[in-house]
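Enquirer: here are the coordinates; sequence isn't available:
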């Protein structure tokens, strides 16, 4: 709470907010771009990275957009989460440490849409091809390219997945779970 923090240091609430914003601006100016972060991960010897997206709560905004069905909707409202939020994409190392985060995108957008608009999918496919650094992701990133490994979905005819596909999915989940830890680090 910035009001309490400001009071503790004997400064006004407005000054506390200004100092916070100035600190964030300094940190943001020093942040690496996505290609540099991916090159560094490859140079550090990591064999893959993890792509994940998260909806962060935000206040209701008045921005509207047109849905795929042609209706006017709140741009920051996520129908999946039934709440207002900002979609943030992040790239994590295999140990869960975030190496890059995106700018906030409206909550109504799907993870794949955000990743494509921000150039994340193109950068990760480049990293897989040029740096031998594939990305592991959840099924929300299906059909985003050969460099982004996603789980194999259940067949629509109701038949179970083949043993090798189930094994692939289990291995992918076993490696990808650290991406959730990356968001816990960012939030905490």
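Expert: Ah, there it is. Everything numeric here is computed off the predicted structure, so don't read it as measured data.

Enquirer: need the contact list for residue 134.
Expert: Residues near residue 134 by Cβ atoms under 8 Å, 6 or more residues apart in numbering: 48-49, 124, 127-128, 147-149. For glycine as for every other residue, the C-beta is placed from the backbone atoms N, C-alpha and C.

Enquirer: can you list these in a markdown table and add pLDDT and secondary structure?
Expert: Shown next, in a markdown table, are the contacts of residue 134 (pLDDT from 0 to 100; DSSP: H, G, I helix; E, B strand; the rest coil):
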| residue | pLDDT | secondary structure |
| --- | --- | --- |
| 48 | 94 | coil |
| 49 | 96 | strand |
| 124 | 94 | helix |
| 127 | 95 | helix |
| 128 | 94 | helix |
| 147 | 90 | coil |
| 148 | 93 | strand |
| 149 | 93 | strand |
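
Enquirer: and those, which of them are buried?
Expert: Buried members of the contacts of residue 134, scored by 16 or more other Cβ atoms under 10 Å, are 48-49, 124, 127-128, 147-149.

Enquirer: need the max-distance pair from those.
Expert: Spanning the widest gap among the buried ones among the contacts of residue 134 are 127 and 149, at 12.4 Å by Cβ to Cβ.

Enquirer: joint contacts of the two?
Expert: 134-135.

Enquirer: and the nearest residue in space to residue 35 that is not next to it in sequence, how many residues sit next to it?
Expert: Nearest residue to residue 35 in three dimensions, chain neighbours excluded: residue 123, at 5.9 Å (Cβ to Cβ, 6 or more residues apart in numbering). Using other Cβ atoms under 10 Å, residue 123 has 20 neighbouring residues.

Enquirer: I'd say residue 123 and residue 36 touch.
Expert: No: contact status for residue 123 versus residue 36: not in contact, 10.3 Å apart, counting by Cβ atoms under 8 Å.
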